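K.L.:
model this:
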Amino acid sequence: MTDLRTHRFTARDGHELAYREIGEGRPLVLLHGFTADSTQWLDHGRAYALAESGHRVILPDLRGHGESTRSHDPAAYPPDILAEDGLALIDRLEVDDYDLGGYSLGARTVLRMLVRGARPARAVIAGQGLDAITSAATNGTNRRVLTALAGGAPIAPGSPDAQVAHWITHLGGDPQALLHVLDSLVATPRTALHRIHTPTLVAAGDQDHDHASADELAAALPIAQFTRVPGNHWTALTSLELATLIGAFLADRRRDHSLTE
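P.N.:
You can find the predicted model right below:
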């Protein structure tokens, strides 16, 4: 297995982005969730198991996160920049036959990449629902808390906002950069989803009420299967069931044919 040193490359607009790699074999690009970084898949998403099963697992830090650029300049976050960065990474890696997956914001970014022409053999969309991706609006709690953190405004101790603030701070998030990330998100209309013909696994936690429309997202995709796994939005990523399902979906090439029959 390869080491976990950080690789860097220059995005199409000149900003520096980072990614890590583990394992050898078939390329699998996995995108993390909002406020996290690529270590989310290492610490909680069982990337090591996927590497051990024969994947070269590529783990980028999304713009505004981790070791990628955290510019405070709004111009560094034009609409759909996360998808643009993802496509640039695929070009940088020079891979034609690969798989692509993401969790939460990472899943939203995967969908945007697919809409914009990414052609992985398989895709995994986890922790994301139709209601969220068909709207440019974002979680009001995240925006409110980030705005308070960026401006130094008080947050009531013991409140739900305080819990979110603690999590963002614990992860080392940059509130101003993360606000710009939220501003860069765009909606994906249903008509665009209908044009995605990549075999896709859509998964969500059975207690993930914020993304309860994940089954509707799967139904909107021409070649997709849907499953629920134990957990809420935070714990579903860590579930053994999700890791097992992802591994089986990626390993079974025959599934591509059965889904189209």
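
K.L.:
care to break this structure down by domain?
P.N.:
Residue ranges for the domains of the chain, per automatic domain parsing: 7-136+185-260, 137-184.

K.L.:
show me the contact partners of the strand or helix carrying Gly247.
P.N.:
Assigning secondary structure by DSSP states H and E places Gly247 in helix 240-251. For helix 240-251, the external contacting residues (C-beta atoms under 8 Å, 6 or more residues apart in numbering) are 26, 28, 45-46, 49-50, 53, 55, 99, 101, 122, 124, 126, 201, 203, 225, 227, 229-230, 236, 255. Quick note: C-beta positions are derived from backbone N, CA and C, even for glycine.

K.L.:
quick one: buried ones out of the residues you listed?
P.N.:
Buried members of those, scored by 16 or more other C-beta atoms under 10 Å, are 26, 28, 45-46, 49-50, 53, 55, 99, 101, 122, 124, 126, 201, 203, 225, 227, 229, 236, 255.

K.L.:
show me the contacts for the residue nearest the centre of the chain.
P.N.:
Nearest to the geometric centre of the chain sits Gly106, at 1.0 Å (C-alpha atoms, centre = their mean). Counting by C-beta under 8 Å, 6+ apart, Gly106 touches Leu30, Leu31, His32, Gly33, Leu62.

K.L.:
quick one: which of these is most hemmed in?
P.N.:
In terms of neighbours by other C-beta atoms under 10 Å, these top out with Leu31 at 29 neighbours.

K.L.:
gap between that residue and Ala47?
P.N.:
Leu31 is 12 Å from Ala47, where distance means C-beta to C-beta, to the nearest Å.

K.L.:
Gly63: what's its closest spatial neighbour, skipping adjacent residues?
P.N.:
Heads up, residue 63 is Arg, not Gly. If the residues on either side of it in the chain are set aside, Arg63 comes closest to Asp85, at 5.4 Å by C-beta to C-beta, 6 or more residues apart in numbering.
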